[in-house]
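Peer 1: What would the 3D arrangement of this be:
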Amino acid sequence: MCGIAGFVSCDGLAPDAPLVATRMRDVLTHRGPDEAGLYCDAHAALAHRRLSIVDLRGGQQPLANEDGSVRVVFNGEIYNHADVRAILEPLGHRYRTRSDTETIVHAYEQWG
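Peer 2: Now for the predicted structure:
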């Protein structure tokens, strides 16, 4: 996570990117009243509003893979995520949540 004070501008990302992303995210509070998330680094500012449907306690976003090298924000539902998860776990992917969104980062790692 980052805040305005801890943000370092690099590669064209404006220093106020976290603030802008937060403002954009909060315009959607009515669509995702349950939680709000923000992730920033030198390359991206990802913001998310959440309406908890799947994995009510563990699906906070932005969501990362095991080592934090892949992150995602997602608004939707992956209907076959349990089937895909059953393929990915034996390949060594370790899930931390029951969220369908986490399948995106692991599938991206595996298949691009």
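Peer 1: So residue 43 versus residue 102, what's the distance?
Peer 2: Noted for residue 43: a distance of 21 Å to residue 102, by C-beta to C-beta, to the nearest Å. Every C-beta, even on glycine, is put in place using the N, C-alpha and C of the backbone.
Peer 1: Then residue 17?
Peer 2: 25 Å.
Peer 1: repeat for residue 69
Peer 2: Using C-beta to C-beta, residue 69 is found at 14 Å from residue 102.
Peer 1: Neighbour count: the two, which is higher?
Peer 2: Comparing residue 69 with residue 102 by other C-beta atoms under 10 Å, the one with more neighbours is residue 102, at 27 against 9.
Peer 1: Check the more buried one and give its pLDDT.
Peer 2: On pLDDT, residue 102 comes in at 93.
Peer 1: thought it was touching residue 60?
Peer 2: No. Between residue 102 and residue 60 there is no contact under C-beta atoms under 8 Å: 10.6 Å.
Peer 1: ok now stretch 86-98, how far from the chain's centre?
Peer 2: 17 Å (C-alpha atoms, centre = their mean, to the nearest Å).
Peer 1: Could you export that stretch as CSV, CA atoms only?
Peer 2: Written as CSV, here are the backbone C-alpha positions of stretch 86-98 (Å, rounded to 0.1, in the frame of the first residue of the first chain):
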residue,chain,number,x,y,z
ALA,A,86,-8.1,-27.1,-9.3
ILE,A,87,-5.7,-27.0,-12.3
LEU,A,88,-3.4,-24.3,-10.9
GLU,A,89,-2.9,-25.6,-7.3
PRO,A,90,-1.2,-28.9,-8.4
LEU,A,91,1.1,-26.8,-10.5
GLY,A,92,2.4,-25.1,-7.4
HIS,A,93,0.2,-22.0,-7.1
ARG,A,94,-0.7,-21.2,-3.5
TYR,A,95,-3.9,-19.3,-2.9
ARG,A,96,-4.4,-17.1,0.1
THR,A,97,-8.1,-16.5,-0.4
ARG,A,98,-11.2,-18.2,-1.7
